[in-house]
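S.K.: Generate coordinates for the sequence data below:
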Amino acid sequence: MMRADIKKAVKKIQCLIFQPSDDVEKFRQRLNAEFTVPILPNRVEREKRTVEGVECDVFTPEVYSANRAILYVHGGSFVGGSCAAWGSFCASLANTSCTKLILPEIHLAPQYPFPAALEDLKPVIKKLYAETDHIIVAGDGSGAAIAVALVLSIKEKFRGKIDELVLFSPWFDISADSEAIKTPSKRNTDKILSPAALHAAAELYTYSSNRTNPLVSPMFASPEMLAGLPDVFIQMAEGELLYKDVLCFQDKLRKADVPCVLDLWKEQIHLFQMADEFLPQAHLAVEKAGRHIRDRQAQ
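M.R.: Next up, the predicted model:
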């Protein structure tokens, strides 16, 4: 029998996932209503900033390192999500990592399909090159796919300032060939994601023949492309539908000599980190991710 706290968390996190029966506008409204909070946690300050026409929220914790920044790409199935809805989570990550965090308001599918969101991020990260020595690119779910695509798309000579990719429950393969969808892991207990939901999001994000493009599904990046990535940190629940895809991507990174830390959490759900009012483990997970960022920078 599912615990009451898990049931409440599942109900909340399901609002992040676009379903085949969903109306796009109603999905966005439901997501924003569920996740937008009036007051940020931990006394983190939020400032609105425009970078080359891209609206961003900048989260500054009370204690932070002046020589690093996080560029965060929110999830929402490529279709939903906003700076308002991700404010609480990003404030928590900024606080635990002692790092200023920049969250762009990316364009959403289907009105703005691939590569609109990716193009939104490029001027923002270029601005960060001039402002800080160390950049962490992070994202969750569909946003994690865009985050990886951003780093893959950057010219090699500019990658030196990108220290790490930090990914939460990442979507690495939205093609019909995804191993996680065709043959889910025996560990799969996912109550959030389904093959139908992934397909519905993919349909709105880009056309079918483009879903094996490495900038859409990073799983299809060549060894040469992957070799240019910085270190990778992945945090997820071990019972997720995408577990096999993550293991496969981790193996590809290993073969490309890219260090990858996989932080698995038992008895949790897809993007459990965003249900912190119901799950104590959400706080612990965000603290662990933040500590990882702090410790790595201290090395």
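S.K.: Where does the residue nearest to Arg159 when sequence neighbours are not counted sit: helix, strand or coil?
M.R.: Excluding its sequence neighbours, the residue lying closest to Arg159 (CB to CB, 6 or more residues apart in numbering) is Gly228, at 6.0 Å. In this view, the C-beta of every residue, glycine as well, is placed from N, C-alpha and C. When classified by DSSP: H, G, I helix; E, B strand; the rest coil, Gly228 comes out as coil.
S.K.: who's in contact with Gly228?
M.R.: By CB atoms under 8 Å, 6 or more residues apart in numbering, the contact list for Gly228 reads 151-152, 156, 159.
S.K.: Type out the ChimeraX command that picks the buried ones from these.
M.R.: Applied in ChimeraX, the following selects the buried portion of the contacts of Gly228 according to 16 or more other CB atoms under 10 Å:
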select :151,152
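S.K.: Columns pLDDT on top of the contacts of Gly228, output as CSV?
M.R.: Output for the contacts of Gly228, formatted as CSV (pLDDT from 0 to 100):
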residue, pLDDT
Val151, 97
Leu152, 96
Glu156, 76
Arg159, 82
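S.K.: Among the contacts of Gly228, name the ones in helices.
M.R.: Those of the contacts of Gly228 mapping onto helices are 151-152, per DSSP state H.
S.K.: For stretch 75-89, list every residue counted as buried.
M.R.: By 16+ other CB under 10 Å, the buried positions in stretch 75-89 come out as 75-83, 85-89.
S.K.: and Tyr72, that one's in a strand?
M.R.: Yes - counting by three-state DSSP, one finds Tyr72 located in a strand.
S.K.: count of neighbours near it?
M.R.: 26 (other CB atoms under 10 Å).
S.K.: what residues are up against it?
M.R.: Counting by CB under 8 Å, 6+ apart, the residues that Tyr72 touches are 86, 90, 93, 101-103, 138-139, 143.
S.K.: Remind me what the helix ranked longest in the chain packs against, helices and strands.
M.R.: Longest helix in the chain by number of residues (criterion: DSSP H): helix 280-298. The contact analysis (3 or more CB pairs under 8 Å, 6 or more residues apart in numbering; DSSP states H and E) places helix 280-298 against strand 65-73, helix 87-97, strand 99-104, strand 162-168, strand 231-237, strand 260-265.
S.K.: Nearest to Phe272 among those would be which one?
M.R.: strand 231-237 (5.9 Å; CB to CB).
S.K.: in the helix or strand just after the closest one, what's buried?
M.R.: Downstream of strand 231-237, the next assigned helix or strand under DSSP states H and E is helix 243-255. Judged by neighbour count using 16+ other CB under 10 Å, the buried positions of helix 243-255 are 243-246, 248-250, 252-253.
S.K.: Make sure Cys56 is actually in contact with Ile106.
M.R.: No - applying CB atoms under 8 Å, one finds Cys56 not in contact with Ile106, separated by 9.8 Å.
S.K.: Need the helices and strands packed on helix 280-298 in TSV (columns: mean pLDDT).
M.R.: Output for those, formatted as TSV (pLDDT from 0 to 100):
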stretch	mean pLDDT
strand 65-73	96
helix 87-97	98
strand 99-104	99
strand 162-168	97
strand 231-237	98
strand 260-265	98
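S.K.: Let's have those in JSON lines, adding distance to Asp190.
M.R.: Below are those laid out as JSON lines (distance: least, CB to CB, whole Å):
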{"stretch": "strand 65-73", "distance to Asp190": "22"}
{"stretch": "helix 87-97", "distance to Asp190": "20"}
{"stretch": "strand 99-104", "distance to Asp190": "26"}
{"stretch": "strand 162-168", "distance to Asp190": "15"}
{"stretch": "strand 231-237", "distance to Asp190": "8"}
{"stretch": "strand 260-265", "distance to Asp190": "13"}
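S.K.: Which of the ones you listed sits closest to Val37?
M.R.: helix 87-97 (4.7 Å).
S.K.: which parts of the helix or strand where Ile125 lies are buried?
M.R.: Per DSSP H and E: Ile125 is located in helix 116-131. Residues 117-118, 120-121, 124-125, 127-128 are the ones in helix 116-131 that count as buried (16+ other CB under 10 Å).
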